[in-house]
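[1] Okay, structure incoming, though there's no sequence with it:
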């Protein structure tokens, strides 16, 4: 059923609002994805503060143009188009979709996306999906910061241990007399 002009204006405003809030956008083609699979993907993305939205290409083009985001013409993208807006972690949506692609035999695929208002093609989005998440990076940083401290504590503990062995040896020597 055709949308009225008012409905299209509301949809356009909604898309622009989502663009403003998002840290990253990923474009996907989902031609052979079923309703159940689509819902599962939405739920997984929602759990990671991301949103999956099926959009009309013309409305997306207008929204991107009004937001002065250049690099892609949505009408030229293949297949049915869905946009995943990443609100918290820029990489999380790509990781979820990459896992979904593997799980469902490529019923959905990357087309491209935006990160910091720069257009990324399919290959760059795939590479982005292989990066560690923010939480993994935080854990690595904390581990790196903690490593010297742990080493220092072990050195001090080793010296104390040796001191205890020496004292114990002296005690045994004096008690043997």
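    Nice, thanks for sending it over. If you're wondering where the values come from, they're calculated on a predicted model, not measured in any experiment. Numbers count the residues shown, from 1 in each chain.
[2] only C-alpha atoms for contact and neighbour calcs from this point on.
    Will do.
[3] separation between the residue nearest to the spatial centre of the chain and residue 78?
    With distances taken as CA atoms, centre = their mean, the residue of the chain nearest its centroid is residue 92 (1.5 Å). Distance, residue 92 to residue 78, by CA to CA, to the nearest Å: 23 Å.
[4] continuing past whichever strand or helix holds residue 13, what's the next helix or strand?
    Assigned by DSSP states H and E, residue 13 belongs to helix 5-21. Remark: after helix 5-21, the chain's next helix or strand is strand 24-29, criterion DSSP H and E.
[5] and the next element down the chain from that following strand?
    helix 35-47.
[6] what comes up buried for the next helix or strand after that next one?
    Where DSSP H and E defines the elements, the next helix or strand beyond helix 35-47 is strand 50-54. Neighbour counts using 16 or more other CA atoms under 10 Å place 50, 51, 52 of strand 50-54 among the buried residues.
[7] which of those residues lies closest to residue 147?
    Distance to residue 147, by CA to CA, is smallest for residue 50 among these, at 33.8 Å.
[8] If the closest one is in a bridge, with which residues?
    For residue 50, the beta-bridge partners under DSSP bridges are residue 86.
[9] what residues are up against it?
    84, 85, 86, 87, 88, 93 (CA atoms under 8 Å, 6 or more residues apart in numbering).
[10] quick one: the fourth one from residue 66, how far?
    Yep, that's residue 87 we're talking about. Going from residue 87 to residue 66 by CA to CA gives 20 Å.
[11] The fifth one now?
    Distance, residue 88 to residue 66, using CA to CA: 23 Å.
[12] Pick out whichever of these two has more residues nearby.
    Of the pair residue 88 and residue 66, residue 88 is the one with more neighbours under other CA atoms under 10 Å, namely 16 against 10.
[13] Which secondary structure state does the more buried one sit in?
    Secondary structure, DSSP: H, G, I helix; E, B strand; the rest coil: residue 88 is coil.
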